[in-house]
Every structure is written in structure tokens, then in C-alpha cells.
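Q: here is my input; please provide its structure:
(chains A and B)
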Amino acid sequence: MKDINIEGSNDVYFVPTVKFETESGDCLLEGESFLAETVKFYTPLIEWLETFTVQKEKKLDFTFKLTYFNTSSSKCILDILKILKRYEDKGGDVVVNWHYDEDDMDMEEALEDYIIDTGVKINLIPY
Amino acid sequence: MKLKNHLDIINSDELLDSSVYFSYMGPIDQYVLRIITDYLNKITRRNTPYGKKLFIILVELLQNISNYSAEKKQLVEEKAAGVGSVILAESKNAITFITGNLIRTKDIVPLTEKCSIINSLDKKMLKEYKKKEMNRPFGANDGAHIGLIQIALSSNKPLKTKIQHIDNNFSYFSITVSLNKKDKLMTV
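A: Numbering: from 1, shown residues only, chains lettered A, B, ... in the order given. Presented below is the predicted three-dimensional model:
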């Protein structure tokens, strides 16, 4: 398994920064997500997580610092959270932290919905 | 799409007492989308929750045109971009977006049914509906519906839509979204 490193950009599209580390199990998704081909972008990330949660028996520490995502990205994020929940259900050690602007009520609401919809524990960290 | 369609939506009742910030008609590819949303961000302070809400709504409206307009134009991007109209206006109490694009006659019934469902649901039910749609695999449903649900959720209002007959094959579909102003938004 290789690490995933994607430098975020904000020119024509909003590409989030991605850092998935195989050795430490630390994962970061940061910035804004609004892409030309959302599924094409997220598929390798989802596959990486699926492989990690099958092959490794290590802690998965997932940090979200997404400040905006469009609806098609939100579907992919839901898929990521479902994988984390499955890993947790079969005894995997999972920590999910989501940093968000405390004034952003819409984001807070979206995150609470993710918690309800997936059953995964997300530590909401306002800043 | 004819210029008449565009002029008709500019001429709508919602805009009678409004000042128009921008008005665009043409293909909406990613570059155009970016220019329009950047402009919105400049005049509404996107770093505020309210500015962000406007941004979220505008992106979904523009993506609907780009992906689902019945009229396409091949431009710089490989994928053909949908053609449509967008207007951003400000009145004393509200910010209003109006968008419009051609739809095929066969899509009128499914689209109006979808809008009726969205408009019949309260916020909690809308969230449930969005969840149901999001849990479907990609390609199994029309992604535009999630965008429409999101617009209704973000604006906290029913979708205000209008369909005008053009000919046997096409009609013109427009959506108006108004958000009450909470403070002085426009900084220009």
C-alpha cells in the first residue's frame, strides 16, 4: 500500500488536500471539495481505505478539515464514513475528528446528520 | 435557448424592485461557473455563514444547468456544457437568484413531480429524502435531485419553479431562490 498525497488547489476547481499515511494510519482531508469528476477523484481514496481496513489492524485516525463540499462530494464523504463505521464495527480502532468554523451552522448541521446517518462517532471540533 | 427566454426571466415580478448584480446567458462550463461564483464571493463575503449559504445555493443551481440543460455547447472542456441563464439581484430585503434552462418535453413530468415532492416535505423529511437519495449508488439516480433538495434545504423555502412551453420538444424551466437579507451583505 502506498501513501496518498494530493496537494489541494483552488484555481478552476476546488481540490481538497489529501494525506493518507499507510504507516501511521493518519488520514487528512482538508480544504474545499468541488471537482470536475468527483467519483474519479474519490474512488482511489475509498479503495485505499477499504484496503487499509482489510489488510491492516491498526488505528485509523481520520481528520476532516473540509470547509465546503458540494452535493456530489458529500455523497463520497458519506461513503468514506461508512467504511470507517464498518471498520469500527469489526473491532478496528477509529478516531474521526472534524474541525469546523463554529459560526457555520449549516456545516454543524451537516456533520450532525452524518453522525446520525452513519452511526460513526465524529468528534466535532469548532474553531 | 433564445434571448427572449432570458429577457422573460429578467422581466419577472421578483426583480421589479431589485437591482441586478449580474445577468448571464450562455454555456455554463467550469470556467464560467468559477467566474460567477468568485464574483458572488467578492460581493457577499463568503467567509460569513450567510455568504457561504448563497455560494452553496448558486453552485448547485449552476451545476444543474451545466449538467442537465437540454441545450449543450462544446467549449474548452472535453465535456459539453449546458446552456442557461443566471441572474443575481438584490432588493431591499432579499438576495434573489433566478436560473433557467431548456428541458425536454419528456422530462417535464418527472421534474415537476420531483419538485412537488421536495416542496411537500418539511426540513426533517427533506433531510431523510436527501439521505435516501445519497445512499443510492452513483448512476442509479439523477444527481440533479440531490442538488434541488440541497437548494430547498439551504434556502429553507420551497422551490419556486416555472415551466414555459416552447414547442413540441422543449420547454423553458426556471427556478427562483430568494434569501432574506440578515444584514448588509453587499460590500461593493
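Q: helix or strand right after the top helix by length along chain B?
A: Assignment by DSSP state H gives helix B:49-68 as the longest helix of chain B. Using DSSP states H and E, the helix or strand that follows helix B:49-68 in sequence is strand B:72-73.
Q: ok, that next one: who's next to it in the sheet?
A: Applying DSSP bridges to the sheet, strand B:72-73 is found paired with strand B:81-90 (antiparallel).
Q: next SSE after the strand it pairs with?
A: Using DSSP H and E, the next helix or strand after strand B:81-90 towards the C-terminus is strand B:94-104.
Q: quick one: is the following helix or strand past that next one near chain A?
A: Sequence-wise, the next helix or strand downstream of strand B:94-104 (DSSP H and E) is helix B:105-120. No. On the criterion CB under 8 Å from any CB of the partner chain, helix B:105-120 is out of touch with chain A, staying 13.5 Å away. Every residue, glycine included, has its C-beta placed from N, CA and C.
Q: now do helix B:105-120: everything it contacts.
A: The set of residues external to helix B:105-120 that reach it, using CB atoms under 8 Å, 6 or more residues apart in numbering or on different chains, is B:70, B:103, B:126, B:129, B:142, B:145, B:148-149, B:152, B:158-159, B:161, B:163, B:168-171, B:173.
Q: which residues of chain B lie near chain A?
A: Residues of chain B lying near chain A by CB under 8 Å from any CB: B:30-31, B:34, B:48-49, B:52-53, B:55-56, B:59-60, B:63, B:77, B:127, B:131, B:134-135, B:138, B:143, B:146-147, B:150, B:154.
Q: which residues touch stretch A:111-127?
A: Contact with stretch A:111-127 is made by A:64, A:77-78, A:81-82, A:84-85, A:88, A:94-102, A:108, B:127, B:131, as judged by CB under 8 Å, 6+ apart.
Q: sorry, that was for stretch A:88-107
A: Stretch A:88-107 has contacts (CB under 8 Å, 6+ apart) with A:53, A:57-67, A:81, A:84, A:87, A:108, A:111, A:120-127, B:48-49, B:52-53, B:56, B:154.
Q: endpoint to endpoint, that stretch covers what distance?
A: One end of stretch A:88-107 to the other measures 24 Å (CA to CA, to the nearest Å).
Q: which residues touch the most centrally placed residue in chain B?
A: Chain B has B:L61 as the residue nearest its centroid, 2.6 Å off, counting by CA atoms, centre = their mean. Contact analysis of B:L61 by CB under 8 Å, 6+ apart lists B:V86, B:F97, B:T99, B:G147, B:I151, B:I175, B:V177.
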